[in-house]
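Enquirer: The following block contains a protein sequence and its predicted model.
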Amino acid sequence: MTLAISAERVATPRLTLNVLSIPGSSGDPVLFVHGNVSSSAFWRSTMTAVAAEGFRPYAVDLRGFGDSDPEPVDASRGVRDYSDDVLALLDRIGPAHLVGWSLGGGVVMQALRDRPAAARSVTLVNPVSPYGFGGTVGPDGVLTGSDGVGAGGGAANPDFVAALQAGDRSADSPVSPRNVLRATYVAPGTDLGEEEDAYVESMLSTRIGDDHYPGDALPSDAWPNVAPGKRGVLNTIAPPNFRIDDLHEIDPKPPILWIRGDQDVIVSDTSMFDLAHLGAIGAVPGWDGTPAQPMVTQTRAALDRYGLYREVVIKGAGHGPQLDRPEEFRAALLAHLRG
């Protein structure tokens, strides 16, 4: 079997999605959902490995990323613009094993919450916390402020946003997409080889603006004086727009595999993208003592309530273990899919 990946524009009642697949592959379908500032391209090598083991892989570009339609994102619905798009695709390919990375983990959790029967199994790869990104404390995701202060579109690094908008492919700045990829998507020192350029192009496919990345922002009286708006990517996972605290109540309840890298600096109890943690280490001035969001702790608490899950920690892996520790990642994933 020739494991050649093809891209197809798939029309759904909601929008037209760009979907990668491997013609000639067979077996249970596996749908991969990418994270923020990326696209389906981050799953290509995983797709070929999964197809070689008897599965039928698909990877979708979420709206506003890659080659899918750049429809605006209504963040007042949390991630449901994304998850409803994914469910519309599942209407075409049938129930599937769902694999979600980072933001995509939140999308998969929401799809599971809204339509449990659509998932044969679920794999969460360094997923966003069930309580979103930023603006909460404690294992149960208590809001630091009623307006979600410290999260959302205003929490993005404006220099990184500008580099994306300018199409910066260089390694000249610490906030160029290439250097952010090297420093945060994977463990430091990872050699991505000839695939690095493709990953940078994938990052640069991100649509920029209030309706996309990073989204709009509102002022707040509390430190750090920014609160989430209702449009765009970062606001979809900002409190109070996003919260999945009742996943344990769904029926049927498919098994969940939680894979995370032990060197992840993005989704972490001390995230380098959390304004509260950055304030604690002096990187953001005026810190008022707000503790960092314990993202990993929150996910574990939610999955403990869910019950039917397994946690795999990959040593030496960063935010994208499918990139920097592919053999360990694929072994864990394939064991879960077969089980």
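Expert: Yes, it's here.
Enquirer: Do you have the strands of the stretch 51-200 of the chain handy? List them.
Expert: 56-60, 96-101, 119-125, 136-137, 142-143 (DSSP state E, counting those that start in this stretch).
Enquirer: Now mean neighbour count too, for these, in TSV please.
Expert: In short, each C-beta sits where N, CA and C put it, glycine included. Rendered in TSV, the data for those read as follows (neighbours: other C-beta atoms under 10 Å):
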stretch	mean neighbour count
strand 56-60	26
strand 96-101	27
strand 119-125	25
strand 136-137	22
strand 142-143	15
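Enquirer: Nearest to residue 305, out of the ones you listed?
Expert: Closest approach to residue 305 among the strands of the stretch 51-200 of the chain (C-beta to C-beta): strand 119-125, 14.6 Å.
Enquirer: For the closest one, name the packing helices and strands.
Expert: Using 3 or more C-beta pairs under 8 Å, 6 or more residues apart in numbering; DSSP states H and E as the contact test, the elements touching strand 119-125 are strand 96-101, helix 103-114, strand 256-261, helix 326-338.
Enquirer: what's the following helix or strand after the third one?
Expert: Pointing back at strand 256-261 there. Next along the chain after strand 256-261, taking DSSP states H and E as the criterion, comes helix 275-280.
Enquirer: related to what we said a few turns ago, between the strands of the stretch 51-200 of the chain, which one is closest to residue 287.
Expert: When these are compared for distance to residue 287 using C-beta to C-beta, the nearest one is strand 136-137, at 14.0 Å.
Enquirer: count of residues packed around residue 147?
Expert: By other C-beta atoms under 10 Å, the residues close to residue 147 number 20.
Enquirer: from now on call the first residue 571
Expert: Okay, residue one is now 571; in that scheme the one you just asked about reads as residue 717.
Enquirer: ok, and the residue nearest to it when sequence neighbours are not counted, which helix or strand is that part of?
Expert: Distance criterion C-beta to C-beta, 6 or more residues apart in numbering; nearest residue to residue 717, sequence neighbours excluded, is residue 797 at 4.1 Å. Secondary structure assignment for residue 797, by DSSP H and E: strand 796-798.
Enquirer: Just the CA atoms of the very next helix or strand once past that strand, as CSV, please.
Expert: The C-terminal neighbour of strand 796-798 among helices and strands, as given by DSSP H and E, is helix 803-806. The C-alpha coordinates for helix 803-806 follow below in CSV (Å, rounded to 0.1, in the frame of the first residue of the first chain):
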residue,chain,number,x,y,z
VAL,A,803,-9.5,31.8,18.9
LEU,A,804,-8.1,32.6,22.4
ASN,A,805,-11.5,33.6,23.6
THR,A,806,-13.0,30.2,22.8
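Enquirer: helices or strands up against helix 803-806?
Expert: On a contact count with 3+ C-beta pairs under 8 Å, 6+ apart, helix 803-806 meets helix 673-684, strand 783-784.
Enquirer: got JSON lines for these, with mean pLDDT, mean neighbour count and distance to residue 579 too?
Expert: Listed next are these as JSON lines, based on pLDDT from 0 to 100; neighbours: other C-beta atoms under 10 Å; distance: least, C-beta to C-beta, whole Å:
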{"stretch": "helix 673-684", "mean pLDDT": "98", "mean neighbour count": "26", "distance to residue 579": "20"}
{"stretch": "strand 783-784", "mean pLDDT": "98", "mean neighbour count": "24", "distance to residue 579": "22"}
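Enquirer: Tell me the buried residues in stretch 861-872?
Expert: Using 16 or more other C-beta atoms under 10 Å as the test for burial, stretch 861-872 gives 862-866, 868-872.
Enquirer: mind listing which of the residues you listed are in helices?
Expert: If you go by DSSP state H, the buried residues of stretch 861-872 have 865-866, 868-872 in helices.
Enquirer: circling back: any figure for the gap between the residue nearest to residue 717 and residue 788?
Expert: 5 Å (C-beta to C-beta, to the nearest Å).
Enquirer: Looking at these two, which is more packed in?
Expert: Counting neighbours by other C-beta under 10 Å for residue 797 and for residue 788 shows that residue 797 has the greater number, 27 against 16.
Enquirer: just checking, that one touches residue 786?
Expert: No - Residue 797 is not in contact with residue 786 according to C-beta atoms under 8 Å; the separation is 10.4 Å.
Enquirer: ok, residue 756 - how many residues close by?
Expert: Taking other C-beta under 10 Å as the criterion, the count of residues near residue 756 is 25.
Enquirer: The one 4 residues further on now?
Expert: Counted by other C-beta under 10 Å, the residues lying close to residue 760 total 20.
Enquirer: Verify the stated contact: it with residue 888.
Expert: Yes - if you go by C-beta under 8 Å, residue 760 and residue 888 touch, sitting 7.2 Å apart.
Enquirer: and for those two, which residues touch both?
Expert: When contacts are counted by C-beta atoms under 8 Å, 6 or more residues apart in numbering, residue 760 and residue 888 have residue 894 as shared neighbours.
Enquirer: Residue 883 is nearest to which of the strands of the stretch 621-770 of the chain?
Expert: strand 689-695 (12.1 Å).
Enquirer: Contact partners for residue 690?
Expert: Counting by C-beta under 8 Å, 6+ apart, residue 690 has contacts 598, 665-668, 824.
Enquirer: of all the ones in helices among the buried residues of stretch 861-872, which comes closest to residue 847?
Expert: residue 865 (10.0 Å).
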